[in-house]
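Undergrad: Sharing a model that was predicted from the sequence below.
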Amino acid sequence: MTVLAFGMLASCSSVDEQPTANEFKRVKIAVGGDMDFATTRLAANDKEMTDLWVFDYIGNELMQTVHQTPSDEHWGSPEMMLAYGEHTFYFVASRGTQPVLTGTTIKWDGPSDTFWYERKATVGKDSPASISVTLQRVSTRFRVKLNDLIPDEMASVTITAATWYNSIDYKTGMTGKEYAESRNISIPSEYKGTTGQLTMSLFGLSDSGEWITDVTLTAKDTNGKVIGTATIDDVPFDRNRTSDYTGYLFGKDNTVDVSLDDAWQESYTDKW
């Protein structure tokens with residue numbers, strides 16, 4: 001169900017006067033950009049977003065907030081009643097898990113692919129009845145391919161990043177407070193006994209401009225015992241870019257694999 005949290009829709013009249021019907025206009029928002037949009041689907045790289053927020057401001061006043069999920073009517077193309085005036089809209093679309101909105105900050109328990117944009121528009125009697133917006137990716141990604149033979153006893157790999165980001169300010173699109181991320185990934189049974197097939201990813205959020213951090217991979221067996229580990233120093237990250245690595249937890253050679261993502265910038269690729 002669509003969640004609408006409406007603020008005061010103020011007109012240019014005094015606070016004691018009520019706005020008349022012609023001081024508002026119903027406007028349809030058309031969301032697009034790096035994401036693929038269809039009638040009932042808002043997706044990037046064939047993976048559907050789970051949340052869309054639209055924050056509507058006139059000046060410094062938040063007029064209304066619209067939050068949609070895929071089960072909502074008009075998913076990905078909300079219709080809003082907008083007061084006449086100069087509006088600034090802030091858009092956030094993501095498939096991160098357990099988002100929490102506090103003030104102007106959205107924080108995810110598990111960050112994932114995320115898009116943001118600021119759009120200004122004038123709403124009046126003769127203004128268009130629809131607004132198009134192109135969202136831009138504000139996420140980054142660490143992706144690793146293991147060249148090892150995956151042993152049958154291997155149950156999980158924990159990816160630990162010394163510095164990571166899981167929140168943004170929706171008014172600026174900039175990341176919030178840094179933290180140390182540790183994400184445990186269970187190994188599907190079909191990868192056990194294979195060589196060079198297992199690929200894992202860790203999504204985070206990023207400002208524009210390259211930054212670096214250390215990433216550690218730790219493999220454990222079904223009893224929680226560490227059976228392999230590797231630390232990759234100074235991994236570079238940037239908004240809308242994948243940092244691709246290949247290497248070994250149980251041995252080493254000189255194999256390097258290179259890959260690119262659709263709609264992402266060219267991957268940063270390295271080995272350890």
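TA: Happy to help now that I have it. Predicted model only: the values in this text are computed from it and were never measured.
Undergrad: use CA for all of it now, contacts and neighbours both
TA: Noted.
Undergrad: what distance separates stretch 194-209 from the centre of its chain?
TA: Computed by Cα atoms, centre = their mean, to the nearest Å, the chain-centroid distance of stretch 194-209 equals 14 Å.
Undergrad: hang on, residue 214 is in a helix, isn't it?
TA: No: assigned with DSSP: H, G, I helix; E, B strand; the rest coil, residue 214 falls outside any helix and is strand.
Undergrad: Helix or strand: which one has the closest residue to it other than its chain neighbours?
TA: Here the nearest residue to residue 214 in space, its sequence neighbours aside, is residue 233; by Cα to Cα, 6 or more residues apart in numbering that works out to 4.5 Å. Under the criterion DSSP states H and E, the helix or strand holding residue 233 is strand 226-237.
Undergrad: That strand pairs with which strands, parallel or anti?
TA: Neighbouring strands of strand 226-237 in its sheet, by DSSP bridges, are strand 211-221 (antiparallel).
Undergrad: contacting residues around stretch 161-171?
TA: Contact partners of stretch 161-171, identified using Cα atoms under 8 Å, 6 or more residues apart in numbering, comprise 90-92, 104-111, 116, 118, 174-182, 204-206, 213-216.
Undergrad: Select from those every entry located in strands.
TA: Those of the contacts of stretch 161-171 mapping onto strands are 90-92, 105-110, 116, 118, 179-182, 204-205, 213-216, per DSSP state E.
Undergrad: The residue lying closest to residue 122 once chain neighbours are set aside: neighbouring residues, count only.
TA: Excluding its sequence neighbours, the residue lying closest to residue 122 (Cα to Cα, 6+ apart) is residue 86, at 4.6 Å. Residue 86 is flanked by 13 other residues according to other Cα atoms under 10 Å.
Undergrad: got it, and residue 177?
TA: Quick note: residue 177 (other Cα under 10 Å) scores 11 neighbours.
Undergrad: Could you report the pLDDT at it?
TA: Per-residue pLDDT puts residue 177 at 94.
Undergrad: Show the pLDDT at the residue lying closest to it once chain neighbours are set aside.
TA: The shortest distance from residue 177 to any non-neighbouring residue, by Cα to Cα, 6+ apart, is to residue 165 (6.7 Å). pLDDT, residue 165: 98.
Undergrad: which stretches of the stretch 101-250 of the chain have low pLDDT?
TA: Of all residues in the stretch 101-250 of the chain, none has pLDDT under 70.
Undergrad: If we use 90, what do you get?
TA: Under the criterion pLDDT under 90, the flagged ranges of the stretch 101-250 of the chain are 128, 130-134, 250.
Undergrad: can you give me the strands for the stretch 1-150 of the chain?
TA: Assigned by DSSP state E, counting those that start in this stretch, the stretch 1-150 of the chain shows strands spanning 3-6, 24-33, 36-38, 41-44, 47-48, 51-58, 61-68, 79-83, 85-94, 97-102, 105-110, 114-123, 130-137, 139-146.
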